[in-house]
Every structure is written in structure tokens, then in C-alpha cells.
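Student: need coordinates for the below:
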Amino acid sequence: MYKTMPEGPSIVIARDAILKFKGKKILKASGYGKLDKKLLVNKTVRDVTTWGKHLLIVLGNKLTIRIHFMLFGSYRINESSDKANPKLALFFKDGELNFYVSQIVLIQEPLNEVYDWSGDIMSPKWSLPKAREKMLAKPDRLLCDVLMDQHIFSGVGNIIKNEVMFKAKLHPENTIGKLPKRKIDFIIKEAARYAKDFLKWKKAGTLPEHCIVYKQEYCGNCGGEITVKDGGKSKRRNYYCEHDQKML
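Tutor: Prediction:
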């Protein structure tokens, strides 16, 4: 079973694994999910792609399976679980694909009309100027909330958020309006850069070794104690160093 961290790089890894089904026809679809599975039968997988935390199995210009793994989702390739029923199971002539504990819906319109690819930190179309414009339009919002805003930083999850805030030397409760332009540009560039490193480390199985503050007891830089606090409107957990990360 492959469990996925709900962050863009992990979804890219899932995409790469599932791409083996590209060009294959779905012979049967089952599972307890409420989507109309009859629409999937006899459809050929045209592509497998991602947008942020969404895994997208493209079956046609106006038919795509969207999988969001949420916090506890997983998938299995060519095997099933004895302990859980799949939300969606797809069967091919020479294999099967099972998804568990995930949010799964059908998109029945062109993906280019649904997604802004320039907002995806893993996309080659990622746009720093657009991200800057979106951030500056939220002067009263907290940094920890903006980094988790999927309309601005699609694909950023709690690991990337916390490590980027540390790299920027900024306290999570700074408001965007108080940040100088150089800090905003650094945050945007660092989010995309860290996501690429995340992907490399995740593939190598070394991601935890590179976390300076996320789920750490002591700061990897100064050795001080890490503060752990749920913050922002999202109430997602922040890990930060009071010594190294400042309020402006």
C-alpha cells in the first residue's frame, strides 16, 4: 500500500507510479464511492497528471477522475487490501488500481477550464508574478494561512509551509502586509524550490532527515526548543523557532 503525504511532490510520485496504466482500457470499476462508475467502463486512460494535491486520471476531454488523498488516503497497484474496501477500484486487462480513504469525484469539463496551472508549485507553468500578486491582495492574512492557500500555493502542505517559514526566518503569525517585497519573493521562490527538493528526498526516503523544524523537538539551526502551536484560521500545526523566526 502506498500512503501519500497530502503535498504536491507526493502526488507527483503517485502520478509517476500510476502512469503505467496510460493507454490501458478500464474493463470494470467498483468501490463504495458514489460517483457514476458506469461512465468509466471501456474508457481508456489518456493521461495521468496532477494539480497541487489533486491526482488526475484523464479519460477524455470532458471526463477526468480527481483523487484527493486528504490526510489518510492511499492507493494500491495490482493488489488490494484485506482490511479495507476501496473507495474506487479500476480493473484493466493486466492490472488493477485501488484507492482508499480518499475524496474522489468526476470532472466533466476540460481541465484547462477548471485549474489555474500557474498556481501549482510543481507545474512548469508556475508563475512567481501571479503568486506575488495574489499574496499582496491578502495584506491582513497570516503567513501560515497564505502558504496553505491552494489558490496561491497549490501543492503546499504542512511540511513545506513550516520549512519555508523557517528558511524565510519569519514567525508564522506575520501578516502579509508587513512583509517587505524581498521577503515575499523569497517565500515564493523557496516554496517552489523546496517542493523540488521534497520530491528528491521523498524518492530517496530521506525526507525526515532534511526537516529543520517540522516535527522536531529542537531547532536544526540554533538548537533551541521548537514551539508547536495550532495557528491561523486553518488551525493547522505550526512548528517554529522563536529565536530564529521573527515578527516584523
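Student: for the spatially most distant residue from the centre of the chain, what are its contacts?
Tutor: What lies farthest from the middle of the chain is residue 93; by C-alpha atoms, centre = their mean that is 30.6 Å. Counting by C-beta atoms under 8 Å, 6 or more residues apart in numbering, residue 93 touches 24, 25, 27. Placement of C-beta: from N, CA and C, glycine included.
Student: of the residues you listed, which is the most crowded?
Tutor: Of the contacts of residue 93, residue 24 is surrounded by the most neighbours, 15 neighbours in total, counting by other C-beta atoms under 10 Å.
Student: could you measure from that residue over to residue 148?
Tutor: In this view, residue 24 and residue 148 are 35 Å apart by C-beta to C-beta, to the nearest Å.
Student: residue 36 now?
Tutor: For residue 36, the distance to residue 148 equals 32 Å [C-beta to C-beta].
Student: for residue 17, give its distance to residue 36.
Tutor: 26 Å.
Student: neighbour count winner among those two?
Tutor: Comparing residue 17 with residue 36 by neighbour count (other C-beta under 10 Å), the higher total belongs to residue 17, at 14 against 10.
Student: that one is in contact with residue 76, isn't it?
Tutor: No - with contact defined as C-beta atoms under 8 Å, residue 17 does not count as touching residue 76 (10.4 Å).
Student: and the lengthiest helix in the chain, what does it pack against?
Tutor: Longest helix in the chain, counting residues (DSSP state H): helix 181-204. Helix 181-204 sits against helix 8-18, helix 128-136, helix 158-167, with contacts defined as 3 or more C-beta pairs under 8 Å, 6 or more residues apart in numbering; DSSP states H and E.
Student: give me the contact list for that helix.
Tutor: 5, 7-10, 12-13, 121-122, 126, 128, 131-132, 135-136, 143, 147, 153, 155-156, 159-160, 163-164, 167-168, 170, 176, 179, 207, 209-210, 248.
Student: swap the cut-off to 6 Å and go again
Tutor: Residues from elsewhere that reach helix 181-204 (C-beta atoms under 6 Å, 6 or more residues apart in numbering): 8-9, 12, 121-122, 126, 128, 131, 135, 153, 156, 160, 163-164, 167-168, 207, 210.
Student: one more: stretch 34-47?
Tutor: 21, 22, 24, 25, 26, 29, 58, 59, 106.
Student: ranges for the strands of the chain?
Tutor: 2-3, 28-30, 47-51, 54-60, 63-68, 74-77, 88-92, 95-100, 103-107, 226-231, 236-241 (DSSP state E).
Student: so which of those strands comes closest to residue 115?
Tutor: Nearest to residue 115 among the strands of the chain is strand 47-51 (4.6 Å), distances taken as C-beta to C-beta.
Student: and that closest one, which strands flank it?
Tutor: Strand 47-51 sits in its sheet next to strand 54-60 (antiparallel), going by DSSP bridges.
Student: can you redo the helices and strands packed on helix 181-204 as JSON lines with distance to residue 71 and mean pLDDT?
Tutor: Converted to JSON lines, the helices and strands packed on helix 181-204 look like this (distance: least, C-beta to C-beta, whole Å; pLDDT from 0 to 100):
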{"stretch": "helix 8-18", "distance to residue 71": "12", "mean pLDDT": "96"}
{"stretch": "helix 128-136", "distance to residue 71": "25", "mean pLDDT": "97"}
{"stretch": "helix 158-167", "distance to residue 71": "10", "mean pLDDT": "98"}
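Student: tabulate the ones you listed in JSON lines, adding columns for distance to residue 235.
Tutor: Converted to JSON lines, these look like this (distance: least, C-beta to C-beta, whole Å):
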{"stretch": "helix 8-18", "distance to residue 235": "21"}
{"stretch": "helix 128-136", "distance to residue 235": "21"}
{"stretch": "helix 158-167", "distance to residue 235": "12"}
